[in-house]
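Enquirer: any chance you can model this:
(chains A, B and C)
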Amino acid sequence: MHFQFARRWLVVLVAAAVALVAISAYLSLPRAYVLLATTTSTRDTGLLPYLLPQFTAKTGIDVRYVAVGTGQALDLGRSGDVDVVMVHAPLLEEAFVAVGDGLCRNLIMYNRFVVVGPVADPAGVRSAANATDAFLRIHSTSARFESRADNSGTYNKEQEIWAATGLNPSTFGSWYEKTNQGMGQTLTIANERNAYTLSDDGTWYAREGSLPYLGLLYAQDEPVLQNQYSVIPVNPAAHPEVRSAQAVAFARWLVGDGQALIAAFTVNGHAIFTPNGAGAC
Amino acid sequence: MLTVAGDIVGITLLSLLVCATSTLIATLIAVPVGVALGLREVGSQRLLRNILFTLYGLPPVLAGLLVFLLLSRSGPLGGLSLLYTPLGMVIAQVVVVTPIILGITMSVVATVERRVKETAFVLGADRWQLSVTVVRRGLAGIVTAVMVGFGRAISEVGAVFIVGGHIEGQTQVLTTTIITDISQADYGHAVSLGVILLVIAAIVYSFLYRLQERTMP
Amino acid sequence: MTMFLELEGLRKDFDGRRVLQGVDLRVEPGEVFALVGPSGVGKTTLLRCVDFLLRPDGGRVRFDGREAPRAPSERLALRRRIGMVPQNPLLFRGSLFYNVSFGLCVRGVEGSELEDRTLAALTAVGLRDLAQAKASGLSAGEAQRVAFARAMVVNPELLLLDECTANLDPANVALLEAAIVGYHRQTGATVLVVTHNLFQAKRVAHRAGFLFGGHIVETADVEAFFTNPTDARTRAFVRGEMPY
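Expert: Numbering: from 1, shown residues only, chains lettered A, B, ... in the order given. Now for the predicted structure:
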């Protein structure tokens, strides 16, 4: 009597656990979709929810994505946890393919990096001659600057510009802050702290409405400010289980029919992406 | 609008599934082990208790990282393809929640009056019957342990983000969606999801609280 | 069924204090043996050593001529042939029926046999009417009676009673003593009664022993023990002259 009760409860709990695990396992069956690893910037522009359903409608292939930092996106491709990678860090991408982790690389589109900052613009970035000059002005006035410091494409671009100024960021004072976060969060922080930051224009236009203390200060078409996006299917030689054929189909579509769709994509009225599809996939 | 509502329903249901599953599994592991450890003589417990209290402080993000490394294709359990799946998230949460329930159960059992154990012992109870008697006595405390464990699971965001990946239609839960909403400045949506979280917590806690009252001395 | 209990050189220390210092005792199968002695001398300790609640620091305990077996299942079986009623018993949360039937449940008894035996035990201690009452609402005397019923319902071959009427009024003392005697008569079990009530010892026991200074100083038939003890210390105790 006393212990039967306990035994019955135990059976009920174990049965419930088995049932729940079974449901979870059913929902965890090997995926039928192509998994894309991309960056938080790509997610925050809203491009993917616009683009992916069109691809599915055309080909019947379901593509979903996990948005992480550039570094992790490439690492996921390296380990075969995803089928295809879409990032915006050309140097890292070339290495990725050269080493054999990537099967091939297609350039898709580019948007711009822009310098945003306090509306009052204490450093005078608005009248900068070029990107390098803009950064020099920020440094010379010790204006607060938020760096993403997360090995992302944007961060790598920021370091590239600092290198062009001849300055070494590790010598910067406390005005140079590291957020270690994605673009959306970094913009929020810049807004709260009246700071400058380097952003991609897609995220900026998507978030502009919620960043009242920031303004778009420098937005010119310089080569160094080009933010080139590429798509790289993972190499099946190292990971036979990746959905290679579908990933390649996706890569091809992006430089094919996808190009017109990319050109038509707007964020709050701004067409931020310039399609420049090319590549060997 | 309907799809948004449908999304919220799906996200909520997945949150409930992952948290309920992980809390239940953690309970089934932690309570028997906690009872067994709590019944042992005090001396040998010290080392275990030190290890356990360290695990209390195990940050969920660290648990998430460890499970991620475990389940990634480049990791030892990569062949199971559990990364970025709900089952993977369950595993991560089990790692987070089990030490909590285990530690509280151990304390509860150790605190049960010695005479209860002695009386059952003298009346001829074997290990299992003694454990049941002790659990029955300390049931209120054990229910508390489960409540605390569930609270940890439902509010957890780091581990489920790292191991789940917040993939649409697959691993999006309430807490991870709040994070991405904030990142996209969709604060209204984030707050409404937060309200849902609170409502879930309130419902589950009121149920468990009533259970606790019924098992109090 | 009955059990033969022997203690040989039993020693037990507590916090450095030597409580039992070599106790030798034979309790014959089927007899009621009264163990008397001053408060704090170690009577409860002795019982707890017999019923596996304490591990002796030396000496042996033999049941039916053999020491306790090593295998856990056999040890459990032996333990289930022994019953104990402690001095301030703890009752489980629940009804009286729940408490008294606990030992039967543990041994796998169920259904109508469980019910019949439980109610019979409650009747034997005069608590049949309170079978469904909550154990938490009982007086000390009632609780003690429940503890006795709980121990005897499983028909132990060796019954250990630790001052089980110490806090009871005379009516309850008489009731419980009648239950003890009745149980012994019915089953022929060996009963070891620890008491400081000399009259009780005389009433229920066949033989008596005096525990003092960590040893059994004297054992004798109960008549001889109380009217004409051999040892001076026993004599002092029995006459109430021993200050403690």
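
Enquirer: quick one: the strands in the chain?
Expert: All of this is about chain A. Taking DSSP state E as the criterion, chain A carries its strands at A:34-39, A:63-68, A:84-87, A:106-118, A:145-147, A:176-178, A:196-200, A:214-218, A:226-233, A:274-279.

Enquirer: not quite, I wanted chain C
Expert: C:5-14, C:17-27, C:32-36, C:58-63, C:66-67, C:82-85, C:158-162, C:190-194, C:207-212, C:215-221.

Enquirer: before we move on, the earlier item: for chain B, which of the strands of chain A is the nearest?
Expert: strand A:63-68 (3.8 Å; Cβ to the nearest Cβ). C-beta here means a position set from N, CA and C on the backbone, and glycine is covered the same way.

Enquirer: what is the closest one packed up against?
Expert: With contacts defined as 3 or more Cβ pairs under 8 Å, 6 or more residues apart in numbering or on different chains; DSSP states H and E, the packing partners of strand A:63-68 are strand A:34-39, helix A:40-45, helix A:47-59.

Enquirer: what angle sits between it and helix A:47-59?
Expert: 160 degrees (axes from the mean of the first three to the mean of the last three Cα atoms, to 10 degrees).

Enquirer: just the angle for strand A:63-68 relative to strand A:34-39, thanks.
Expert: 30 degrees.

Enquirer: quick one: is stretch A:250-259 near chain B?
Expert: No: judged by Cβ under 8 Å from any Cβ of the partner chain, stretch A:250-259 stays clear of chain B, getting no closer than 15.9 Å.

Enquirer: buried residues in that stretch?
Expert: A:250, A:251, A:252, A:253, A:254, A:255, A:258, A:259 (16 or more other Cβ atoms under 10 Å in any protein chain shown).

Enquirer: which stretches of chain C form helices?
Expert: Listed in chain order, the helices of chain C (DSSP state H) span C:43-50, C:72-79, C:96-106, C:111-124, C:140-152, C:170-187, C:198-204, C:222-227, C:232-238.

Enquirer: give me the distance between the residue nearest to residue C:13 when sequence neighbours are not counted and chain A.
Expert: The shortest distance from residue C:13 to any non-neighbouring residue, by Cβ to Cβ, 6 or more residues apart in numbering or on different chains, is to residue C:57 (5.3 Å). Going from residue C:57 to chain A by Cβ to the nearest Cβ, to the nearest Å gives 35 Å.

Enquirer: which ones are touching residue A:113?
Expert: By Cβ atoms under 8 Å, 6 or more residues apart in numbering or on different chains, the contact set of residue A:113 is A:131, A:154, A:157, A:198, A:199, A:200, A:201, A:225, A:226, A:227.

Enquirer: need the residues of chain B near chain A, please.
Expert: Within reach of chain A by Cβ under 8 Å from any Cβ, chain B has these residues: B:14, B:17-18, B:20-21, B:24-25, B:27-28, B:72-74, B:78, B:81-88, B:90, B:128-129, B:132-133, B:135-136, B:165-170, B:180, B:182-185, B:187.

Enquirer: which parts of stretch B:18-25 are buried?
Expert: By neighbour count on 16+ other Cβ under 10 Å, the buried set for stretch B:18-25 is B:18, B:19, B:20, B:21, B:22, B:23, B:24, B:25.

Enquirer: mind checking which of those residues land in helices?
Expert: Judged by DSSP H, these include B:18, B:19, B:20, B:21, B:22, B:23, B:24, B:25 as members of helices.

Enquirer: the fourth one contacts residue B:90, correct?
Expert: Yes: in this structure, residue B:21 is within contact of residue B:90 by Cβ atoms under 8 Å, at 4.9 Å.

Enquirer: give me the distance from stretch B:141-154 to the chain's centre.
Expert: Relative to its chain's centre, stretch B:141-154 lies at 7 Å (Cα atoms, centre = their mean, to the nearest Å).

Enquirer: hmm, back to that, any shared contact partners between residue B:21 and residue B:90?
Expert: A:21, A:24.

Enquirer: before we move on, back to that, the helices and strands packed on strand A:63-68: which one's closest to chain C?
Expert: Closest to chain C of these, according to Cβ to the nearest Cβ: strand A:34-39, at 53.3 Å.

Enquirer: residue of chain A nearest chain C, please.
Expert: For chain A, Cβ to the nearest Cβ, closest residue to chain C: residue A:2, 4.8 Å.

Enquirer: distance check, that residue against residue C:125.
Expert: To residue C:125, residue A:2 is 21 Å away according to Cβ to Cβ, to the nearest Å.

Enquirer: same thing with residue B:87?
Expert: 57 Å.

Enquirer: so the closest residue to residue A:79 other than its chain neighbours, which state does it fall into?
Expert: Distances taken as Cβ to Cβ, 6+ apart place residue B:74 nearest to residue A:79, at 3.7 Å, with adjacent residues excluded. What DSSP: H, G, I helix; E, B strand; the rest coil gives for residue B:74 is coil.

Enquirer: just checking, next helix/strand downstream of the worst-scoring helix or strand of chain B on mean pLDDT?
Expert: Lowest mean confidence among the helices and strands of chain B (mean pLDDT, DSSP states H and E): helix B:42-56, at a mean of 75. Next helix or strand after helix B:42-56 toward the C-terminus (DSSP states H and E): helix B:60-71.

Enquirer: list the contacts of that next one.
Expert: In contact with helix B:60-71 (Cβ under 8 Å, 6+ apart) are residues B:75-78, B:80, B:82-83, B:88, B:91-92, B:95-96, B:152, B:156-163.
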